[in-house]
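> fold the following.
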Amino acid sequence: MADSVQYFKEALPAKFSSDSDFADAVQNVFQFEIEGAGTWHIIPGQGVVEGEHDEPECVVSADKETFDEILGNPDVAMGKFMEGKLTASDLGLAMQLQQFIG
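Reported below is the predicted structural model:
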């Protein structure tokens with residue numbers, strides 16, 4: 001099973017450093033608040049930072065079990081959103097989440 005902590009501490013930072021197209025595609029500050037795992041934010045041009053951002057453009061919230069499940073199978077994200085287990089403060093920006101978890 002995928003692990004949220006490992007994803008934000010290792011996998012996503014590695015993707016930023018190894019894939020310049022991916023890093024260049026990130027244009028907004030996203031904050032991920034994963035209950036039971038922690039909070040991280042993604043800054044365009046910088047990558048993943050642990051902790052809260054002062055002015056995130058989109059805040060994504062879920063519990064660790066739900067986010068781990070989404071990381072393991074991104075196709076379940078929409079269902080989790082419809083169930084209220086995954087929330088986002090900006091639905092337009094949330095549509096870009098597939099680039100992070102896909």
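> enumerate every residue touching Glu65.
Gly36 (Cβ atoms under 8 Å, 6 or more residues apart in numbering). In this view, the C-beta of every residue, glycine as well, is placed from N, C-alpha and C.
> quick one, strands of this structure?
30-35, 38-43, 47-50, 58-63, 86-88 (DSSP state E).
> from the contact counts, what lies against the fourth one?
Counting contacts by 3 or more Cβ pairs under 8 Å, 6 or more residues apart in numbering; DSSP states H and E, strand 58-63 packs against strand 30-35, strand 86-88, helix 91-94.
> quick check: buried residues in the shortest one?
I take that to be strand 86-88. Within strand 86-88, the residues that count as buried by 16 or more other Cβ atoms under 10 Å are Leu86, Ala88.
> repeat for the last one
By neighbour count with 16+ other Cβ under 10 Å, helix 91-94 contains the buried residues Leu93, Ala94.
> and what of the first one?
For strand 30-35, the buried set under the neighbour-count rule, 16+ other Cβ under 10 Å, comprises Phe30, Gln31, Phe32, Glu33, Ile34.
> which strand residues bridge the first one?
Beta-bridge pairing for Phe30 (DSSP bridges): Ile42, Cys58.
> roughly how far is the longest helix along the chain from the heart of the chain?
When the chain is parsed with DSSP state H, its longest helix is helix 64-72. Between the centre of helix 64-72 and the centre of its chain there are 11 Å (Cα atoms, centre = their mean, to the nearest Å).
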